[in-house]
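Asker: just need the structure, nothing else, for what follows:
(2 chains)
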Amino acid sequence: MARALINLPRTARRGEVIEIRTLIQHVMETGYRPRADGSVAPRDIITHFTCLYNNEEVFSVELAPAIAANPFLSFSLVTAESGILAFTWTGDNGFEQTETRSLTVT
Amino acid sequence: MSSLSLSRSRIERRALGAGLLAVVLARPARAERPGLREAVLGFTGGAEPVEGGVALDIPPLVENGNTVPVTIAVESAMTETEHVRRIALFNERNPQPHVITARLGPRAGRARLSTRMRLATSQRLVAVAEMSDGSFRSASAEVIVTLAACVEG
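Answerer: Numbers count the residues shown, from 1 in each chain, chains lettered A, B, ... in the order given. Next up is the predicted model:
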């Protein structure tokens, strides 16, 4: 499991726009970098990220090798009801990781 | 007779000067790599995006191209009827033109996205946003990179 950091408020008022920041540990090998023996290191990146809010997709991105190692993403969403936020990263070589956080809406 | 030939040579000289000036003016400030334009048009489905309404925030002078913070913000009310559907970022001189493509909707509240990217060299970046009415808006930024990504690994 790669280390993932997710920063969001624990509680929020209904209808408030909250900012979410995520960072996951990943090399994001571009597939263009030569190794010491002259061969090119194969591509190994995170290609997709999605954020589900009570099983409804609110934000998703496709990433290219041009994203820096340990991809950082910051986005926002409107709170509606208390529930679970699920963050999923998928990538090359079968990489998949899901993290969940609960959000209390008052 | 001599005055006629003099005026004619003067006219020719002027025409030549004007021609040279036209060549200099007609040449674009910087030739756009075909990959960037194709990638933008591939995203918009052939439509030409309109400049404006998008803020592309990136440092103009980058010391380390391995991790460059970049923020894209689109002016939009983000309601059911008027919101941003997709935001994409393209580059000019990395090995691939794509950087990031985001899908969002009214539940995002704000059309704003931040990440950190790699830059192989000094180049131009273009951010394009697809609005809910099907129109496309764009913004571009020039970046100077002193230490490139992909060199030291």
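Asker: mind listing the strands for the chain?
Answerer: Using chain A here. A:4-7, A:11-12, A:17-24, A:46-53, A:56-63, A:72-78, A:83-91, A:96-105 (DSSP state E).
Asker: hmm, I had chain B in mind actually
Answerer: Per DSSP E, chain B has strands spanning B:50-51, B:54-57, B:61-64, B:68-74, B:84-91, B:98-104, B:112-117, B:123-131, B:136-147. These are given in chain order.
Asker: show the average pLDDT along the first one.
Answerer: Per-residue pLDDT values across strand B:50-51 average out to 94.
Asker: name the strands paired with that strand and say parallel or antiparallel.
Answerer: Partner strands and pairing direction for strand B:50-51 (DSSP bridges) are strand B:136-147 (parallel).
Asker: equivalent analysis for the second one, please.
Answerer: Strand pairing for strand B:54-57, using DSSP bridges, gives strand B:68-74 (antiparallel).
Asker: other residues contacting the strand it pairs with?
Answerer: Contact partners of strand B:68-74, identified using C-beta atoms under 8 Å, 6 or more residues apart in numbering or on different chains, comprise A:68, A:74, B:53-59, B:62, B:84, B:87, B:89, B:99, B:110-119, B:125, B:127, B:129, B:137, B:139, B:143, B:145. Using the backbone N, CA and C atoms, a C-beta is placed for each residue, glycine as well.
Asker: selecting buried members of these in PyMOL, what would you type?
Answerer: With 16 or more other C-beta atoms under 10 Å in any protein chain shown as the burial test, the buried ones among the contacts of strand B:68-74 are selected in PyMOL as follows:
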select buried, (chain A and resi 68+74) or (chain B and resi 53+54+56+58+62+84+87+89+99+110+111+112+113+114+115+116+117+118+119+125+127+129+137+139+143+145)
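Asker: so B:T115 touches B:A102, yeah?
Answerer: No - under the criterion of C-beta atoms under 8 Å, B:T115 lies out of contact with B:A102, with a separation of 9.1 Å.
Asker: contact residues of chain B facing chain A?
Answerer: Contacts of chain B with chain A, taken as C-beta under 8 Å from any C-beta of the partner chain, map to B:66-68, B:71, B:91, B:94-96, B:98-110, B:112-119, B:149-150, B:153.
Asker: identify the residues contacting B:V40.
Answerer: B:49, B:90, B:126, B:128, B:138.
Asker: tell me the pLDDT at A:H26?
Answerer: Model confidence at A:H26, expressed as pLDDT, equals 95.
Asker: swap that for A:N7, sorry
Answerer: At A:N7 the predicted local distance difference test score is 96.
Asker: name the residues linked to it by a beta bridge.
Answerer: With beta bridges defined as DSSP bridges, A:N7 has these partners: A:R21.
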